[in-house]
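1. Can you look at this prediction? I've put the sequence above it.
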Amino acid sequence: MADNKAGAKQILPTQRSEALRSGASGLPGRAIRVLGVPLDLGQSRRGVDMGPSAVRVAGLQARLESLGHRVQDGGNISVDIAEMQNIGEQNAKYLTPITETCAGVAALVLETLAAAQIPVILGGDHSVAAGTVSGVAEFFRRQQQKIGLLWMDAHSDINTPETSPSGNVHGMPLAALMGLGPSPLRDLFGWSPKVAAENTVLVGVRDIDAAEKENIRRAGIAEVYTMRDIDERGMRAVMEEALRVAGRGTAGYHVSIDMDWVDPEDAPGVGTPVRGGATYREAHLAMEILADHGHMLSFDIVEVNPVIDEHNRTAELAVELICSAFGKKIL
């Protein structure tokens, strides 16, 4: 795992804003660094460790470069397999190696942003987002700025070891980022919470544990848009409002997408599928609106499981959605 390079060149916020907006309106493309995190310790169903390879096989780098972006593939972070690790406490399985991996992710994200590149993280299970968001939040904290967070998932991932029915850490990363725990993930870089509750937005949730509902209230999360909200109001209205909330008073926002946010009819190869998700077209519309706003700081996409996928359909859709988020348009 790479540490943040001492003395890395710092980019002024004005320079960064200009760089982040380029590529979405005919200007030169953006500098993107792709990092794979083949972590599957956070859940019981194996296979998501192959997700980064599946997304690469689906042509991610070439597709982004065809849009005019400059893409560097930074390879994969080294992650030990479950058989080589101590499971630890049953209410937070593999927490120690997951935390070590997330610390490495956070350091690489910090390094990537310092080099004026946008980090695109390929999971692995959703616990990797604790590392991604921590790295982004730390980078902007050093510039006296804060970030927003857009969490697009069938689940809220805000369990703690005390409330989790399974002990699977992929159901806990948002809790860690909100300052609820588990403490090793919560305290990366020695401070918490990583994102203010008033700038945190959940979109598309439809499977929330009873204890998670209480944790959402405890955390004071600004907005939670369920699939009912999308059904009643439409994806455009939900996304426009969500991005306003995440962007209010921030340098921009991190976008974290669990592919089970999309309906399993279109994304069958995911770790924990739940019926009734966003349609193919709704998912693309959300990403296109995201690109239109131009304030995305970083991006991760997780839980692609090739073992249960159909001819790499889910990985191919992941690539399509990333491209839409980075400016691909129909016309």
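-> Structure received.
2. rest of the way, CA atoms for contacts and neighbours
-> OK.
3. can you map out the strands along the chain?
-> Along the chain, counting by DSSP state E, strands occupy 31-37, 70-76, 118-123, 148-152, 200-205, 223-226, 253-258, 296-302.
4. need the ones you listed in JSON lines with mean pLDDT, can you?
-> Shown next, in JSON lines, are the strands of the chain (pLDDT from 0 to 100):
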{"stretch": "strand 31-37", "mean pLDDT": "98"}
{"stretch": "strand 70-76", "mean pLDDT": "97"}
{"stretch": "strand 118-123", "mean pLDDT": "98"}
{"stretch": "strand 148-152", "mean pLDDT": "98"}
{"stretch": "strand 200-205", "mean pLDDT": "98"}
{"stretch": "strand 223-226", "mean pLDDT": "97"}
{"stretch": "strand 253-258", "mean pLDDT": "98"}
{"stretch": "strand 296-302", "mean pLDDT": "98"}
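5. who wins for proximity to Ala103 among these?
-> Nearest to Ala103 among the strands of the chain is strand 31-37; the distance by Cα to Cα comes to 11.8 Å.
6. Next, the angle from the closest one to strand 296-302.
-> Here the directions of strand 31-37 and strand 296-302 differ by 30 degrees (axes from the mean of the first three to the mean of the last three Cα atoms, to 10 degrees).
7. could I have strand 31-37 exported to CSV, CA atoms only?
-> Extracted as CSV, the C-alpha positions of strand 31-37 are listed here (Å, rounded to 0.1, in the frame of the first residue of the first chain):
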residue,chain,number,x,y,z
ALA,A,31,-7.3,13.7,-15.2
ILE,A,32,-8.6,10.5,-13.7
ARG,A,33,-6.8,7.8,-11.7
VAL,A,34,-8.5,4.4,-11.4
LEU,A,35,-7.7,2.3,-8.3
GLY,A,36,-9.0,-1.2,-7.7
VAL,A,37,-9.8,-2.5,-4.2
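8. Could you spell out the sheet neighbours of that strand, each with its direction?
-> Applying DSSP bridges to the sheet, strand 31-37 is found paired with strand 70-76 (parallel), strand 118-123 (parallel).
9. Quick check: which of those strands is buried the most?
-> Stretch with highest mean neighbour count among the strands paired with strand 31-37: strand 118-123 (a mean of 26; mean count of other Cα atoms under 10 Å).
10. Now do it: distance to the chain's middle.
-> 8 Å (Cα atoms, centre = their mean, to the nearest Å).
11. What residues of stretch 185-204 count as buried?
-> 185-188, 192-204 (16 or more other Cα atoms under 10 Å).
12. which one of the strands paired with strand 31-37 lies closest to Ile208?
-> Here strand 118-123 is closest among those (Cα to Cα), at 21.7 Å.
13. outside of the closest one, which residues touch it?
-> With contact meaning Cα atoms under 8 Å, 6 or more residues apart in numbering, strand 118-123 is reached by 20, 30-39, 48-49, 51-52, 55, 109, 112-113, 132, 297-304.
14. contacting residues around stretch 256-269?
-> 126, 129, 149-155, 204-205, 270-280, 283, 299-310, 312-314, 317-318.
15. can you pull the pLDDT of the residue lying closest to Ser164 once chain neighbours are set aside?
-> Spatial nearest neighbour of Ser164, chain neighbours left out: Asn91 (6.8 Å); criterion: Cα to Cα, 6 or more residues apart in numbering. We have a pLDDT of 94 for Asn91.
16. Can you give me every residue that contacts Asn91?
-> If you count contacts by Cα under 8 Å, 6+ apart, Asn91 has them with Pro161, Glu162, Ser164, Pro165, Ser166, Gly167, Asn168.
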